[in-house]
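> Provide a 3D model corresponding to the input given below.
(one chain, ligands or ions: 1)
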Amino acid sequence: MKVEATDLPGVLLISPKVFADERGWFLETWRAERYSEHGIGPSFVQANASRSARGVLRGLHYQWPEPQGKLVWVSEGRVLDVAVDIRPHSPHFRRWTAMELDAESHQQLWIPEGFAHGFQVLSEQATFHYLCTRAYRGDCDASIAWNDPDIAVDWPLQPVELSAKDAAAPRLADLAPEHLPQ
Ligand SMILES: Cc1cn([C@H]2C[C@H](O)[C@@H](COP(=O)(O)OP(=O)(O)O[C@H]3O[C@H](C)C(=O)[C@H](O)[C@H]3O)O2)c(=O)[nH]c1=O
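Down below sits the predicted model:
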């Protein structure tokens, strides 16, 4: 596996080793002792999957308190995956990075606790997987507007298809400091 820094400190791009043969391919999507060497995890307690059509945008989401670190990848299709540093005291506060993840490259992104996460589907359909360092808490689930002008993520496809929750998400500037990761 190869682990590379992105242009947003803390967010890492992982390229698992793919074992291809005449049957198809095999790869490890996570192994504690290897991933934890890079500060990924180190442990995960919940695995999620979602499937969405082209143009769907899920995000920007985070959990606070009980923040979640996420290891994410795609098993079908292609998405633009986005992470945003939403820690008010971070020197990179409000900065975002984006990476195309697809089922051909098998690449993964590590989004640490304290970051908001979202993705938009670029292919007809995409199946998205993620491991979380903490369990989901509905009462700690939080969103930031996908089109927050103070973050200004350059989403590729318009119109976007959003959940009602995401369509009503507040701007970062409208969130009280106690509602953001410290
Ligand atoms: C996240 C989650 C949701 N749910 C329930 C709550 C809702 O009734 C339903 C759909 O939830 P939601 O609309 O928040 O799902 P997404 O919009 O895909 O949100 C996720 O996608 C973005 C990109 C993320 O990074 C977050 O991890 C996560 O918030 O599943 C659960 O039961 N467990 C869970 O862990």
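> Report the contact partners of the residue in the chain positioned nearest to the ligand.
For the chain and the ligand, the shortest gap (Cβ to the nearest ligand atom) falls at Y136, measuring 3.1 Å. For glycine as for every other residue, the C-beta is placed from the backbone atoms N, C-alpha and C. Taking Cβ atoms under 8 Å, 6 or more residues apart in numbering, we find Y136 in contact with Q46, N48, Q63, Q68.
> 7 Å instead, please
Q46 (Cβ atoms under 7 Å, 6 or more residues apart in numbering).
> Start at 58, not 1
Okay, using 58 as the starting number, the last item reads as Y193.
> For it, give me the pLDDT.
At Y193, the model reports a pLDDT of 98.
> Also L158?
Reading off the model, L158 has pLDDT 98.
> returning to that earlier point: before we move on, which element is the residue of the chain closest to the ligand in?
Following DSSP states H and E, one finds Y193 outside all helices and strands.
> Now do the phi/psi pair for it.
Y193 has phi and psi values of phi -60, psi 140 when expressed as degrees, to the nearest 10.
> any idea how far P99 is from it?
19 Å (Cβ to Cβ, to the nearest Å).
> show me what contacts the residue nearest in space to the middle of the chain?
Centroid-nearest residue in the chain: H174, 4.2 Å away (criterion: Cα atoms, centre = their mean). When contacts are counted by Cβ under 7 Å, 6+ apart, H174 touches G116, L117, H118, Y119, K127, A140, I168.
> is D138 in a bridge, and if so with what?
With DSSP bridges as the criterion, the beta-bridge partners of D138 are M156, F176.
> rewinding a little: go through the contacts of H174 and flag which are in strands.
Among these, the ones falling in strands (DSSP state E) are G116, L117, H118, Y119, K127, A140, I168.
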